[in-house]
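Q: Here's my sequence, what's the structure:
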Amino acid sequence: MNLDQISTFLAVYQLGSYMKAAEYLYLPQPTVSNRIKQLEAELGQPLFIRDKRGVTLTEEGRTFLPYAQKMTSSYEEGKEAVSRLKQGLQGKLTIGCNNSFAGSALPVVMEAFIERYPDVDIQILSYSSKDQIRRMKEREFQVGITRYAVNDPQLSFRQVHSEEVKLIVSPRHPFAKTAKIPIGDIRNQKLILYQPDTLYRKMIDVSLSRHNLQYDLKYETNNMHLIKNMVIRNLGVFFSGPLFLRDELLRGDVVAVDIVDNPFPESNVFLMYRSTELNSLDHLFMAHFQTYMERLRHTPLA
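A: Next comes the predicted model:
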């Protein structure tokens, strides 16, 4: 059974005549007859009754008809999907991304994407998660990468990564030689935190306050590059998921220390998107991103 036989069967059924089907398909009539005979032989039953008025379906033909229609429909859907993919190999991709991910894992993800799709032009807009959500709702872009999900009917979120928050320290810090530290030991540490209006800072404050933990806030900044360099120079310590300092951890520039009685929720990465407005290139990137994040998950970072 092949697609030529199926399409010929449907043409004969729709036109009610072998001759009309042959004209429609630009085929000799014997070819049409032969295809139907081959299909009937494979099914083991006649599909048409031929008389002076034309052809009609047998009971077996009526039973087979919806399956034949489904097969050709699936074929057309497959062609359309391939066409969309081909269109996605060129064009402009615009992505929103939170600052911490843009300065850590995004470059290696994009390197693999660019290598595979070199003709795609890429624009990356880096904002805080709050700004990114607002700008997506204003339709500046259709796909974003964020650390947080919100309950908003205009937006969809797909979690692609999750990991424990750890204390990031310099290799020269006393904790660097310790497998785990009690959360209470942070009281005397010089903490580096994001600014109070960020979702990350609110998460830290709420988590520590639930444990009645006061901390020594030494530095505030929203610049991830600065935070990394301050930790490397042993000027302070920082709470983070290891993914956001993957290169520094792999090089040994910083150390991730486990926290006993860890009060923090998991550090996540989400794909954020407007599901009704995605184009083929958006779909292409989202599939690539999810696959590559799965690979990164198996890369030992700490």
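
Q: quick one, domains of this protein?
A: For the chain, automatic domain parsing gives the domain ranges 3-87, 89-162+268-297, 165-265.

Q: what distance separates the second one from the middle of the whole chain?
A: Mean C-alpha position of domain 89-162+268-297 versus that of the full chain (Cα atoms, centre = their mean, to the nearest Å) differs by 8 Å.

Q: any idea of the mean pLDDT for it?
A: Mean pLDDT, domain 89-162+268-297: 88.

Q: how about the strands in this structure?
A: 48-51, 54-57, 91-98, 120-127, 143-146, 156-163, 166-169, 180-182, 190-193, 216-220, 238-240, 255-260, 267-273 (DSSP state E).

Q: May I see the buried residues of the fifth one?
A: Read that as strand 143-146. Going by neighbour count (16 or more other Cβ atoms under 10 Å), the buried part of strand 143-146 is 143, 144, 145, 146. All C-beta atoms are positioned from the backbone trio N, CA, C, and that covers glycine.

Q: Likewise for the third one?
A: Of all the residues in strand 91-98, those buried under the rule 16+ other Cβ under 10 Å are 93, 94, 95, 96, 97, 98.

Q: And for stretch 68-76?
A: For stretch 68-76, a neighbour-count test (16+ other Cβ under 10 Å) marks residue 68 as buried.

Q: Contacts for that stretch, please.
A: When contacts are defined by Cβ atoms under 8 Å, 6 or more residues apart in numbering, stretch 68-76 is touched by residues 3, 6, 7, 9, 10.

Q: Extract the C-alpha set from it and format it as CSV.
A: What follows is stretch 68-76 as a C-alpha-only set of coordinates in CSV (Å, rounded to 0.1, in the frame of the first residue of the first chain):
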residue,chain,number,x,y,z
ALA,A,68,-7.6,6.7,3.4
GLN,A,69,-8.6,10.3,4.0
LYS,A,70,-6.7,10.3,7.3
MET,A,71,-3.5,9.0,5.6
THR,A,72,-3.5,11.7,2.9
SER,A,73,-4.3,14.3,5.5
SER,A,74,-1.4,13.2,7.7
TYR,A,75,0.9,13.4,4.6
GLU,A,76,-0.2,16.9,3.8
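
Q: quick one: that stretch to chain centroid distance?
A: That offset, for stretch 68-76, works out to 28 Å (Cα atoms, centre = their mean).

Q: Identify the bridge partners of residue 56.
A: Beta-bridge partners recorded for residue 56 (DSSP bridges): residue 49.

Q: pretty sure it is in contact with residue 46, am I right?
A: No: when contacts are counted by Cβ atoms under 8 Å, residue 56 is not listed as touching residue 46 (11.3 Å).

Q: This completes my enquiry, with thanks.
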